[in-house]
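Visitor: what's the 3D shape of this:
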Amino acid sequence: MLAALLLSAAIQTQAPQRPIAQTPPGGGALGLNAYRLTPAVGAPTLDGRLDDAVWAAADSIHSFTQKVPDEGKAAQFPTVARVAFDDNAVYVGVRAYDPDPSKIVAQLTRRDEDSSSDWLIVALDSRHDQRTSYAFMVNPAGVKRDFVIADGADDDNSWDAVWEVAVKTDDHGWTAEFRIPLSALRFSPNGDGVWGLEIGRAVPRTNEQSFWAPLKQDESRVVSRFGELRGMRGLPSPRRLEVLPYTVSGITRAPGAANDPFYHSTAWRGSAGVDIKYGVTSDLTLDATVNPDFGQVEADPSQVNLTQYETFLPEKRPFFTEGADIFRFGIALGDGDNATESLFYSRRIGRTPHYSMDARFANQPTQTTILGAAKLSGRVGAGWSIGALGALTGEERGLGIAEDGSRFHQVLEPMTGYGMLRARRELNAGRTQIGFVGTGVHRRLGSTDITDLPGDAFAGGFDFSHRWGGDAWLANGYLLGSTVHGDSTAITALQLSPARYYQRPDADYVRLDSSATALNGWASGYMVARVKGRWQGGFLGIARSPGFEVNDMGYLRQADQVTNAAYLQRRAFNPVGIFRNYRIGGNL
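Guide: Numbers count the residues shown, from 1 in each chain. Next up, the predicted model:
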């Protein structure tokens, strides 16, 4: 969803101006001419006041229509936005008028948390590919949210950029001034100077969402409905070099056994590392990291897992969230219980060691050290998206003391290399996509006595997506293959795992082979559906062979299944009687 707008305090006492370039030559989206800053005017001061000269000089937009609750009707409260830019950043100024500013809702939360607040949103399709955009949101308390809208409508909330915004509430409503550095965006300096732009606003007390470029409730596409931001020519390729060194230290004071030689009433710990981001081109980014630390991010929430499946944890480490939309390859059936199943699960890299020590006293690591990792992601050529990742984690050892007092070392996690390649080609103005994916994991087991982990695991395949009929119809699918090699002990453990249960008595089509040293399999998925209009529905399904296995680098709960589904629903998006909206449907 989107919700952000701009208004200039310089026009607070003026009558609303006529929207500019509502119907550009040749038809198409709404248009706004961006104002290029001159040395005489200078960049605005980010204080939320909107009294800088640039806002008086820039063209304005103020015709906003509702998406919710009354789609297509004019917004209840006026909103005015202006856009300017220079060689360093894009500036957006928004005034959100409100007849009763005392009722503006401004909840103070952590960054990227949604809340029942008033919101403004600015979204930029800087590539103008009508597929991907960067969204920036703020509420009247100054809480920031940013995310990538990928593949037309899906949000990637793990993306974080460096940008600034200032807000102010006054007798007319509230205002926001955005400064979005060009280094936070991906664009072609040699393009036609046209970007996609959306500005929207959310008002919780009226349950209203309004947008400059109208969005429809009966269709899933978002970015392709953006308006046009014109005049973005002559922009330099920003030198996108970011170096993020870190140090983390901690102290633990806790009770322990007095005779434990590893126990210290006051235990100190420390670590250091660095993340590096470099813009190879304006649309291709190289990321590198040495010893990234989980201390940089939120602690994982405590959970009690009573199932046979491992807990899925979201990714928060900055290195892995960059370009995450390119590396994403979901293999789940819709949005059900297994919606997190994916060919690439980045939390595998730097995971908790597979083993823990069986000793009277033990000193062992809680995370695997990432010795180094690099990633190249972005756009190249005409319509190509690429992503390549490589990572190496170190061998982790623990020191234990046995019952007889002897000390011993044990390998808890072998040295492991990870690799992934993802390529995707867009055709037909982004309505058709074809892609390839490949993953590989290699563990150095030769110097260890570990036999129940695979030594090598590979997976790969292709996928496609196609929209037609005015984007009302969608078809997509994928076909994958996997192969895992290792000692017979490791392959037997995979056959007995909850993902397949070869030993179950009803599985007369598989045979438990305790001497096997390889496990091979395949998986496929499809969907054909109408995703626009009052009547929506379609068919979808997945099929996986018993030997399909991708858990060395991905996240898979269940192989050995064939599942098909169908759904049909009738939807009403505008208020009907006492109902704001309703949906009646059935699933099979």
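Visitor: and Asp325, that one's in a helix?
Guide: Yes: assigned with DSSP: H, G, I helix; E, B strand; the rest coil, Asp325 falls within a helix.
Visitor: isn't it right up against Asp155?
Guide: No: with contact defined as Cβ atoms under 8 Å, Asp325 and Asp155 do not form a contacting pair (9.7 Å). (Each C-beta comes from the backbone N, C-alpha and C, glycine too.)
Visitor: neighbour-wise, which of those two wins?
Guide: Asp325 (20 against 15; other Cβ atoms under 10 Å).
Visitor: for Phe548, what are its contacts?
Guide: Contact analysis of Phe548 by Cβ atoms under 8 Å, 6 or more residues apart in numbering lists Leu480, Ser482, Gly521, Trp522, Ala523, Leu556, Ala559, Asp560.
Visitor: do that again at 7 Å, thanks
Guide: Ser482, Gly521, Trp522, Ala523, Ala559 (Cβ atoms under 7 Å, 6 or more residues apart in numbering).
Visitor: Got phi/psi on it?
Guide: Note on Phe548: its backbone torsions stand at phi -70, psi 130 [degrees, to the nearest 10].
Visitor: now it: how far from Gln558?
Guide: 10 Å (Cβ to Cβ, to the nearest Å).
Visitor: Ranking by neighbours, what's the top pick from the contacts of Phe548?
Guide: Within the contacts of Phe548, neighbour counts (other Cβ under 10 Å) peak at Ser482, which reaches 27 neighbours.
Visitor: For beta bridges, what are the partners of it?
Guide: According to DSSP bridges, the residues that bridge with Ser482 are Ala459, Gly521.
Visitor: Tell me where the stretch 51-200 of the chain has helices.
Guide: For the stretch 51-200 of the chain, the helices defined by DSSP state H, counting those that start in this stretch cover 53-57.
Visitor: Please pick out the residue of the protein most distant from its centre.
Guide: What lies farthest from the middle of the chain is Asp404; by Cα atoms, centre = their mean that is 51.4 Å.
Visitor: State the distance from Ala141 to Thr206.
Guide: 19 Å.
Visitor: Tell me the spacing between Tyr478 and Ser497.
Guide: 23 Å.
Visitor: cool, and Phe319?
Guide: 30 Å.
Visitor: low-scoring pLDDT stretches of the stretch 301-450 of the chain, where are they?
Guide: Confidence mapping of the stretch 301-450 of the chain against pLDDT under 70 gives the ranges 336-337.
Visitor: so which strand or helix has the closest residue in space to Asp87 that isn't next to it in sequence?
Guide: Spatial nearest neighbour of Asp87, excluding adjacent residues (Cβ to Cβ, 6 or more residues apart in numbering): Pro236 at 5.4 Å. Pro236 is located outside every helix and strand, with elements delineated by DSSP states H and E.
Visitor: how deep is Pro236 tucked in, by neighbour count?
Guide: Neighbours of Pro236 under the rule other Cβ under 10 Å: 10.
Visitor: Go ahead and confirm it touches Asp86.
Guide: No: Pro236 lies out of contact with Asp86 (Cβ atoms under 7 Å); the separation is 10.1 Å.
Visitor: which residues in the stretch 451-588 of the chain form helices?
Guide: Using DSSP H, counting those that start in this stretch, helices in the stretch 451-588 of the chain cover 488-496.
Visitor: Strands of that one, start to end?
Guide: All strands of the stretch 451-588 of the chain, identified by DSSP state E, counting those that start in this stretch, fall at 456-468, 473-485, 518-530, 535-544, 561-572, 582-587.
Visitor: So which residues make contact with the second one?
Guide: What it means is strand 473-485. 343, 454-467, 494, 517-531, 548-550.
Visitor: Give me the nearest residue to Ala184, chain neighbours excluded.
Guide: According to Cβ to Cβ, 6+ apart, the nearest residue to Ala184 is Ala161 (3.9 Å).
Visitor: how close does that neighbour sit to Val148?
Guide: According to Cβ to Cβ, Ala161 and Val148 sit 9 Å apart.
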